[in-house]
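I'd like to go over a predicted model; first the sequence, then the structure.
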Amino acid sequence: MRSIRARILSRRKLFRQTAASAIFGPLFQVTRGEATAQGPVNRNSAPSQLKITDMRACRVAANYDYPIIRLYTNQDVYGLGEVRDAGVEGIALILKHHLIGKNPLDIENVLRPLRQFANHGRMGGGYSAVDTALHDVAGKVYGVPAYRLIGPKVRDRIRIYADTTDSEDPKVYAERMKKRKEMGITFFKMDLHSNLVKDRPGALNERGVCTAKGLWYLCEYIAAIRDVIGEGAPLAADHFGPLNVNDAIAYAKAFEKYQLAWAEDIVPWTNWQGLKEIKAATTTPILTGEDIFGLRNGFDRLIENQSVDAIHPDIETSGGLIETKRIADAADAAGIQVAMHHAGSPVGAFAGYHCAATFRSFLAMENHALDMPWWQDLVKGVPKPIIQNGYVAVPETPGLGLELNDDVVKQHLRRPGYFEPTPMFDDMIVSGFAPGGAWPHFDENGKWCNCVSYQ
């Protein structure tokens with residue numbers, strides 16, 4: 001018979017194995033013989049020896065151009081990312097030197113030195129693209145969908161909301177919105193700018209802002225759309241024009257009886273005090289945030305001051321999956337809802353879908369390409385149509401769960417060249433004194449020495 005000590009040691013070993021499996025098993029097991037949308041992944045790779053070797057890009061010509069990057073490694077696994085729509089791929093490529101040689105699985109440490117090059121608006125696009133590409137690589141290597149790297153999934157599908165081209169004729173505008181409903185969309189958004197009523201006598205004041213009469217005219221558009229989508233359907237509004245706080249309060253109060261899902265960017269997001277004042281004066285929900293990078297010195301002010309009813313990050317500006325998850329968790333803890341802005345390609349869209357799958361409080365995510373028949377054909381590896389009955393299914397395949405359809409992407413390039421080499425971005429960009437390194441200087445022989453060690 002086995003000794004008591006042997007039995008105890010055996011039980012302890014079993015307990016340790018079970019605990020390790022429960023904590024780490026599903027997330028960090030590298031599955032064998034599994035294929036991603038990219039194709040078979042080398043399961044003989046050693047994650048600890050994985051290194052980033054290159055970054056390249058292309059730009060898709062669309063309603064808003066889509067700059068897409070590829071992050072390459074030394075083990076035949078690459079990741080896709082996307083710079084914010086209407087941005088340029090160079091915003092990501094300038095970060096290349098800070099990535100080469102790093103292990104892409106060490107995501108947060110890889111990203112940390114890149115924050116100095118990120119800012120609000122389109123300048124958040126490079127950092128965000130790299131974050132997305134790192135999660136695509138890590139998901140493929142570990143054999144898990146990207147959402148598993150940031151938190152548990154709380155929903156299997158993501159609700160889509162759709163913008164709609166406006167018209168000065170309320171009936172035409174309503175008919176266009178009706179077509180969105182016929183597509184299966186269940187959450188709607190309209191542009192409600194003051195210029196819609198500019199030709200009506202007495203509608204605008206000298207600043208181009210609606211008068212009381214102008215607001216009455218503007219509400220005709222909401223009423224016409226309500227007639228075709230129904231009273232209970234979520235309907236948001238955006239693009240009101242250059243309003244001050246008092247203007248915004250008047251607009252929001254005029255909209256109250258139509259029960260909008262939100263009034264978006266009614267004054268600039270930087271004016272958190274004004275947004276708080278507007279929110280307190282109306283029952284129309286107030287939302288902003290598509291141009292904000294990061295939680296700190298950005299979304300935190302809106303959240304901590306309860307300035308809005310909902311926030312609106314764009315994952316291609318807000319910082320990618322990790323940072324957007326932090327933002328959404330902070331909002332949820334403060335009782336503030338989360339919607340997501342997006343006007344990019346399916347690459348950035350699926351990054352958003354993975355991220356939103358982990359949000360506790362979520363409204364809907366934008367799709368700005370419903371009138372582009374080839375939008376979904378830019379990628380492969382996901383079910384088509386991508387949007388079904390107003391929702392997108394969250395992939396369970398590794399990484400983002402998709403790959404580019406090279407033939408289709410090449411048909412829609414803004415300029416020639418498809419992920420061409422980028423040696424012009426190999427050199428470091430200097431942006432301050434380097435901790436532990438020397439500032440670039442002329443040596444004693446008058447020769448320029450670019451000897452920064454920036455880690």
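Nice, I can see it. Residues are numbered from 1 along each chain as shown.

center of the protein - which residue?
residue 315 (1.6 Å; C-alpha atoms, centre = their mean).

and it, backbone torsions?
phi -60, psi -20 (degrees, to the nearest 10).

for residue 186, see how far away it is.
To residue 186, residue 315 is 22 Å away according to C-beta to C-beta, to the nearest Å. Placement of C-beta: from N, CA and C, glycine included.

can you check residue 225 too?
The value you get for residue 225 to residue 186, if C-beta to C-beta is used, is 14 Å.

ok, now residue 409?
For residue 409, the distance to residue 186 - C-beta to C-beta - is 30 Å.

what does residue 65 give?
29 Å.

please apply the same query to residue 54.
42 Å.

helix or strand with the lowest mean pLDDT in this structure?
Lowest by mean pLDDT, DSSP states H and E among the helices and strands of the chain is helix 4-28, with a mean of 41.

for the nearest residue to residue 368 once chain neighbours are set aside, what are its contacts?
Distance criterion C-beta to C-beta, 6 or more residues apart in numbering; nearest residue to residue 368, sequence neighbours excluded, is residue 343 at 3.7 Å. With contact taken as C-beta atoms under 8 Å, 6 or more residues apart in numbering, residue 343 is in contact with 63, 64, 85, 86, 314, 366, 368, 369.

how about the closest residue to residue 380 other than its chain neighbours, what does it touch?
Sequence neighbours aside, residue 405 is the residue nearest to residue 380 in space, at 4.7 Å (criterion: C-beta to C-beta, 6+ apart). By C-beta under 8 Å, 6+ apart, the residues touching residue 405 are 377, 378, 379, 380.

which pLDDT value goes with residue 405?
pLDDT, residue 405: 98.

need the distance between the two termini of stretch 224-239.
18 Å (C-alpha to C-alpha, to the nearest Å).

ok, now stretch 348-367?
First-to-last residue span, stretch 348-367, C-alpha to C-alpha: 11 Å.

where's that stretch relative to the chain centroid, distance-wise?
8 Å (C-alpha atoms, centre = their mean, to the nearest Å).

quick check: mean pLDDT of that stretch?
98.

buried residues, that stretch. List them.
Going by neighbour count (16 or more other C-beta atoms under 10 Å), the buried part of stretch 348-367 is 348-359, 361-367.

so which of these are in strands?
Among the buried residues of stretch 348-367, the members found in strands (DSSP state E) are 365, 366, 367.

so the second one sits right up against residue 161, yeah?
Just to be clear, that refers to residue 366. Yes: assessed by C-beta atoms under 8 Å, residue 366 is found in contact with residue 161 at 5.6 Å.

identify the contacts common to the two.
With C-beta under 8 Å, 6+ apart as the test, residue 366 and residue 161 both reach 189, 339.

ok, back up a step: can you pick out the most distant pair from the contacts of residue 343?
63 and 314 (15.3 Å; C-beta to C-beta).

can you tell me the helix or strand for the closest residue to residue 209 other than its chain neighbours?
Take residue 209 and drop its neighbours on the chain: the residue closest to it by C-beta to C-beta, 6+ apart is residue 247, 5.1 Å away. Element membership for residue 247, per DSSP states H and E: helix 245-255.

so which residues of this protein form helices?
4-28, 90-93, 107-111, 125-142, 170-182, 212-229, 245-255, 272-281, 300-304, 315-318, 320-333, 346-356, 406-411 (DSSP state H).

so which of those helices is the most packed in?
helix 315-318 (a mean of 34; mean count of other C-beta atoms under 10 Å).

residues in contact with residue 165?
Counting by C-beta under 8 Å, 6+ apart, residue 165 has contacts 176, 371.

recalculate using a threshold of 7 Å.
residue 176 (C-beta atoms under 7 Å, 6 or more residues apart in numbering).

residues near the residue nearest to residue 255 when sequence neighbours are not counted, how many?
Excluding its sequence neighbours, the residue lying closest to residue 255 (C-beta to C-beta, 6+ apart) is residue 284, at 4.9 Å. Residue 284 has 26 neighbouring residues, counting by other C-beta atoms under 10 Å.

just the pLDDT at residue 48, thanks.
Value for residue 48, per-residue pLDDT: 85.

ok, the one 5 residues further on next?
The predicted structure scores residue 53 at 98 on the pLDDT scale.

that one reaches residue 70, doesn't it?
No: judged on C-beta atoms under 7 Å, residue 53 makes no contact with residue 70 at a distance of 11.0 Å.

count the neighbours of residue 415 for me.
Per other C-beta under 10 Å, the neighbour tally for residue 415 reads 7.

and the gap between it and residue 86?
15 Å.

now residue 416
Counting by C-beta to C-beta - residue 416 and residue 86 are separated by 20 Å.

so where's the stretch 1-150 of the chain uncertain?
1-45 (pLDDT under 70).

name the nearest residue to residue 64, sequence neighbours excluded.
Nearest non-adjacent residue to residue 64, counting by C-beta to C-beta, 6+ apart: residue 85, 3.8 Å away.

actually residue 117, not the one I wrote
With C-beta to C-beta, 6+ apart, the residue lying closest to residue 117 is residue 95, at 6.2 Å.

show the contacting residues for the one you found.
114, 117, 126, 130.
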